[in-house]
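For reference, the sequence and a predicted model appear below.
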Amino acid sequence: MTMIFIPKTDRLTKLAKLYPERIKELENIFVVTTNIYIDYANVIHWARKLKWHVNLKRLKQLLNSFSSIKSVRFYNGTLIGDQKSEEFNKEAGKLGYDVKTKPVKIMKLSIDVSSIPANSPFILKNFIKRPLLQKLNIETIEYLNGKLKELNDQGVKYIEVRKCNFDVEIGRDMLLDYEKNDIDNYVLWSGDSDFADPVNQLLKDGKKVVIFATARRISVELGETKSLKFDIQKIRNFICSANELPQDVKSKL
């Protein structure tokens, strides 16, 4: 399949002239029929490290410029009753993403240490993994429980943890697309270890898999697969928000 990049906006036309090597690299990635799977929770975490954000409108404009991309699936939880969260996913759908969502679960985890001994790890074990907890001495446990007691004295008896994992849905959709939609290239925006098995299965069956992520944000298990890895920092100026562009790039657009 001959890949032709046809920029959808004047901005993309100018950026393509500034960074032809990036467009060539993307053409090589999207050279065959492609579906893209974006685990947005991962993207949010990357932004904190990178100190810039993936602008969904600009990303979709870039992806729309490659005719081999058939679908861009977007996975993100909805905080029910939160207007901003609900509108965000609706806007993603209006931009042309195939949005997959489900309610965010809010769990209340107790940090109330009033009824346990000062040296007890009973509450801490809910927040610290057992191998590390076993390495902590009694003084450290007492100190941490003391900090929790300070919060308790301020009226804080629990913390809220939000959870909305799409690993099962994404892995399922990748395999269903393989079975039904004759997709040859699977581009995954995630670094989670749970995707190692479906990725290995697709590779074993002769499909192409590309992991879009950023440095040190790919799990060991996923990193060990023979999938191609692409650092999204390479396309920062194509997909970041306008106010996050370097000044020298802004002057050329």
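Yep, that arrived. Numbers count the residues shown, from 1 in each chain.

Look up the closest residue to T225, ignoring the ones flanking it.
Of all residues beyond its chain neighbours, the one nearest T225 is V199 (4.9 Å), with distances taken as CB to CB, 6 or more residues apart in numbering. C-betas here are computed from N, CA, C, even on glycine.

Is that neighbour within a helix or a strand, and which one?
Using DSSP states H and E, V199 sits in helix 196-204.

per-residue pLDDT, K49?
Reading off the confidence values, K49 has pLDDT 88.

Now do the contacts for it.
By CB atoms under 8 Å, 6 or more residues apart in numbering, the contact list for K49 reads 214, 217.

where's it relative to Q233, distance?
For K49, the distance to Q233 (CB to CB, to the nearest Å) stands at 10 Å.

Which neighbours do these two have in common?
Contact with both K49 and Q233 is made by residues T214, according to CB under 8 Å, 6+ apart.

which strands and helices sit next to the helix holding V199?
On a contact count with 3 or more CB pairs under 8 Å, 6 or more residues apart in numbering; DSSP states H and E, helix 196-204 meets helix 167-180, strand 185-189, strand 208-213, helix 220-223.

for the ones you listed, which one ends up most surrounded?
strand 185-189 (a mean of 24; mean count of other CB atoms under 10 Å).

ok, which stretches of the protein are strands?
34-39, 69-75, 98-100, 105-110, 158-163, 185-189, 208-213, 228-231 (DSSP state E).

Make JSON lines from those and add mean pLDDT to it.
Supplementary listing: the strands of the chain in JSON lines, determined by pLDDT from 0 to 100:
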{"stretch": "strand 34-39", "mean pLDDT": "97"}
{"stretch": "strand 69-75", "mean pLDDT": "97"}
{"stretch": "strand 98-100", "mean pLDDT": "97"}
{"stretch": "strand 105-110", "mean pLDDT": "93"}
{"stretch": "strand 158-163", "mean pLDDT": "91"}
{"stretch": "strand 185-189", "mean pLDDT": "97"}
{"stretch": "strand 208-213", "mean pLDDT": "96"}
{"stretch": "strand 228-231", "mean pLDDT": "95"}
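
could you dump those to JSON lines with distance to L124?
Conversion of these to JSON lines gives the following (distance: least, CB to CB, whole Å):
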{"stretch": "strand 34-39", "distance to L124": "30"}
{"stretch": "strand 69-75", "distance to L124": "32"}
{"stretch": "strand 98-100", "distance to L124": "36"}
{"stretch": "strand 105-110", "distance to L124": "11"}
{"stretch": "strand 158-163", "distance to L124": "13"}
{"stretch": "strand 185-189", "distance to L124": "34"}
{"stretch": "strand 208-213", "distance to L124": "32"}
{"stretch": "strand 228-231", "distance to L124": "36"}
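
Of those, which is nearest E86?
strand 98-100 (11.5 Å; CB to CB).

quick one: low-confidence parts of this structure?
Within the chain, the stretches falling below the threshold (pLDDT under 70) are 1-3.

Could you find the closest non-adjacent residue to the spatially most central residue of it?
The residue lying closest to the centre of the chain (CA atoms, centre = their mean) is N42, at 2.1 Å. Of all residues not flanking N42 in the chain, S190 sits nearest, at 4.7 Å (CB to CB, 6+ apart).
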